[in-house]
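Enquirer: Sequence plus predicted model, see below.
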Amino acid sequence: MAVSVNDTSDAASHPALAPGLYIVATPIGNLNDITLRAVDVLTRCDGVACEDTRVTGKLMRHLGLSKPLWRYNDHAEERDRTRLVESMANRAVALVSDAGTPLISDPGYRLVNAAREAGVEVQTIPGPCAAIAAITLAGLPSDRFLFAGFLPVKEKARADMLAQFAAVDATLLFYESAGRLVKSLSAIDRALPGRRVAVARELTKLYEECRLDTPAALIAHYEAKPPKGEIVLLVEPPHEAEASAEDVDALLREALLTEKPSQAAAKVAKATGADRKALYARALELR
Ligand code: SAM
């Protein structure tokens, strides 16, 4: 399993870490996002368990490090996992994934569980995570969110999962691939009508973008300009129960006391989830 064994780190300036398992987050695009603590642990550990030795090898070379790399994923044979955990009795093992935070739609859960059960010291070195980066960028409520990993690929399973989340009063987050984006946007439009969606794409990379719009507008955009790269999809929480026409008129009248019709319409649209254009037309009538 070991790929490289020539550790060139200087033992005197980089004392060894205490034995155990270290969960290390790595960049999701921009390599400058690696944390000081992640560099320290990768410098001082005895070896790195990773999804793909080529991907992690590149990161290690970028950091000027050379360590043994062990391929690991949660489908590893039980005995390989047991052997890796046993080695943590006298070795500091860093766990990384190809990008971002291990265990978040990535391997690691079984390893952490096995390490804990074996009484191994487990530490986390937090850092980049696409879901967390996306929620900071989208402009959707961030006080409560539900991260659900990848949406199922099959249409029925995808529709069922979305229906299951319809009543959840939180922003929903999914990982998605560029090739499936339009299909997923259509599925969201059908299962969760009237909700805006944010597409957070290529986060921390050169072509980073984040578009918040209706699914229909996003579908039109991405059909005209097929997306590339990595994507997080965010769906806004359900709107409050629909306000009655009288309630909406009352809110508009009140807003019109101090605001222009366009601003009043925007304010009431935000409060009720009603269509802003229709509210603007009504505001002009009421003015
Ligand atoms: N563990 C990783 C994390 O902490 O974000 C996620 C691993 S998961 C296998 C990979 C998925 O994360 C991608 O398909 C994409 O949906 C999302 N992702 C990863 N990097 C991204 C980025 N730079 N921009 C947008 N989404 C990203």
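Expert: On my side now, so go ahead.
Enquirer: neighbours of Arg61, just the number please.
Expert: 10 (other C-beta atoms under 10 Å). Every residue, glycine included, has its C-beta placed from N, CA and C.
Enquirer: Can you name the residues that contact Cys50?
Expert: With contacts defined as C-beta atoms under 8 Å, 6 or more residues apart in numbering, the neighbours of Cys50 are Thr56, Leu69, Trp70, Arg71, Tyr72, Leu95, Val96, Ser97, Asp98.
Enquirer: now the second one, which residues is it bridged with?
Expert: Spelled out, it's Leu69. Each beta-bridge partner of Leu69 is listed here: Val48, as defined by DSSP bridges.
Enquirer: right, and it touches Asp46 too?
Expert: No: checked against C-beta atoms under 8 Å, the pair Leu69 and Asp46 is beyond contact range at 11.5 Å.
Enquirer: So which of those two has more stuff around it?
Expert: Leu69 (24 against 17).
Enquirer: Spell out which parts of the chain neighbour the ligand.
Expert: Residues of the chain lying close to the ligand by C-beta under 6 Å from any ligand atom are 28-29, 97, 99-101, 104-106, 129-131, 175-177, 200-205, 230-232.
Enquirer: give me that answer again for 8 Å
Expert: In this structure, the chain approaches the ligand at residues 25, 28-29, 97-106, 128-134, 150, 174-177, 200-205, 208, 229-232, judged by C-beta under 8 Å from any ligand atom.
Enquirer: which parts of the helix or strand encompassing Ser184 are buried?
Expert: Counting by DSSP states H and E, the secondary-structure element that holds Ser184 is helix 181-191. Within helix 181-191, the residues scored as buried using 16 or more other C-beta atoms under 10 Å are Leu181, Val182, Ser184, Leu185, Ala187, Ile188, Asp189, Ala191.
Enquirer: wait, what's in contact with Pro141?
Expert: When the contact criterion is C-beta under 8 Å, 6+ apart, the partners of Pro141 are Ala170, Thr171, Glu236, Pro237.
Enquirer: Could I get the contacting residues of the third one?
Expert: I take that to be Glu236. Taking C-beta under 8 Å, 6+ apart, we find Glu236 in contact with Leu140, Pro141, Thr171, Arg195, Arg196, Val197, Ala198.
Enquirer: The first one now?
Expert: When contacts are counted by C-beta under 8 Å, 6+ apart, Ala170 is found next to Pro141, Arg144, Phe145, Leu146, Pro237.
Enquirer: Retrieve the pLDDT associated with it.
Expert: In this model, Ala170 is scored at 98, pLDDT.
Enquirer: now swap in the last one and tell me
Expert: For Pro237, the pLDDT comes out at 97.
Enquirer: Which strand or helix spans it?
Expert: Using DSSP H and E, Pro237 falls within no helix or strand.
Enquirer: coming back round to it: for the helix holding Ser184, what is the distance to the chain centroid?
Expert: Taking C-alpha atoms, centre = their mean, to the nearest Å, one finds helix 181-191 lying 18 Å from the centre of the chain it belongs to.
Enquirer: Show me the beta-bridge partners of the closest residue to the ligand within the chain.
Expert: Among the residues of the chain, Gly100 lies closest to the ligand, at 2.5 Å counting by C-beta to the nearest ligand atom. The residues listed as beta-bridge partners of Gly100 by DSSP bridges are Thr26.
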